[in-house]
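Engineer: can you look at this prediction? I've put the sequence above it.
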Amino acid sequence: MQPHHTPTHLDSPRQRSRNCRSEWQIQSRMVVQRHFDRVLRHGWVARLIDSLLGRSSALLCLADIQAPPPPDAEEILGLQTVPLAQICGSEGRVHDFDRRFAPLHEHIRERWVTLAAMRNEGHPLTPVELVQVGDSYYILDGHHRISVARAFNDDTIESYVTRWPAAVQIPDSQIPRL
């Protein structure tokens, strides 16, 4: 960490403002680094408990549920507010996050921390992209944003939603409940 910059009479108001903002951003980043460490640790413990209880902690894979429908069978619902509890799977990142959207690997840290710092600083994150099948949602794009939203105890997330006709109804026992 860089030493604290003490303003001098030579610093312009603009430079003092930049220095203050930079120090605040560094502190914000340090806070979310610790938050990531907690999420990673809690995810590890939760997965251990799941294993001991014989429960799966895996994120559901959309391809395992059903194949993509023909384009004319998709329904574009547009921007929606989606409950995070209904997001249960992914199109292709099932090995990076668990069913609670806790990161599974250290390589996720940088992107996760960057997004969490932005959110912590009050910047809105872009909506995620989801596919709705029945009452469940699967992530096409936005895994890190959903993980951050869950870590900050959000209930919902802004999402661009495409609805697929449900070819196969997913048994309730396969949908992870938190």
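Structural biologist: Arrived safely, thanks for sending.

Engineer: what is the neighbour count of Arg100?
Structural biologist: Counted with other C-beta atoms under 10 Å, residues neighbouring Arg100 total 18. Placement of C-beta: from N, CA and C, glycine included.

Engineer: was I right to think it contacts Trp44?
Structural biologist: No - between Arg100 and Trp44 there is no contact under C-beta atoms under 8 Å: 11.3 Å.

Engineer: okay, now the unreliable bits of the protein?
Structural biologist: Counting by pLDDT under 70, the chain contains low-confidence residues at 1-25, 167-178.

Engineer: now the helices for the chain?
Structural biologist: Using DSSP state H, the helices of the chain run over 13-52, 62-65, 109-120, 143-151.

Engineer: and those as JSON lines, adding distance to Ala85?
Structural biologist: Putting the helices of the chain into JSON lines (distance: least, C-beta to C-beta, whole Å) gives the following:
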{"stretch": "helix 13-52", "distance to Ala85": "16"}
{"stretch": "helix 62-65", "distance to Ala85": "18"}
{"stretch": "helix 109-120", "distance to Ala85": "19"}
{"stretch": "helix 143-151", "distance to Ala85": "10"}
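
Engineer: His95 is nearest to which of the ones you listed?
Structural biologist: Nearest to His95 among the helices of the chain is helix 143-151 (10.9 Å), distances taken as C-beta to C-beta.

Engineer: could I get the helices of the chain as a markdown table with mean neighbour count?
Structural biologist: Rendered in a markdown table, the data for these read as follows (neighbours: other C-beta atoms under 10 Å):
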| stretch | mean neighbour count |
| --- | --- |
| helix 13-52 | 14 |
| helix 62-65 | 17 |
| helix 109-120 | 18 |
| helix 143-151 | 24 |
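
Engineer: and these: which comes nearest Cys88?
Structural biologist: Closest approach to Cys88 among these (C-beta to C-beta): helix 62-65, 9.5 Å.

Engineer: residues in contact with the nearest residue to Leu40 once chain neighbours are set aside?
Structural biologist: Computed as C-beta to C-beta, 6 or more residues apart in numbering, the closest residue to Leu40 that is not its neighbour in sequence is Pro103, at 5.7 Å. By C-beta atoms under 8 Å, 6 or more residues apart in numbering, the contact set of Pro103 is 36, 39-40, 43, 96-97, 109, 112, 147.
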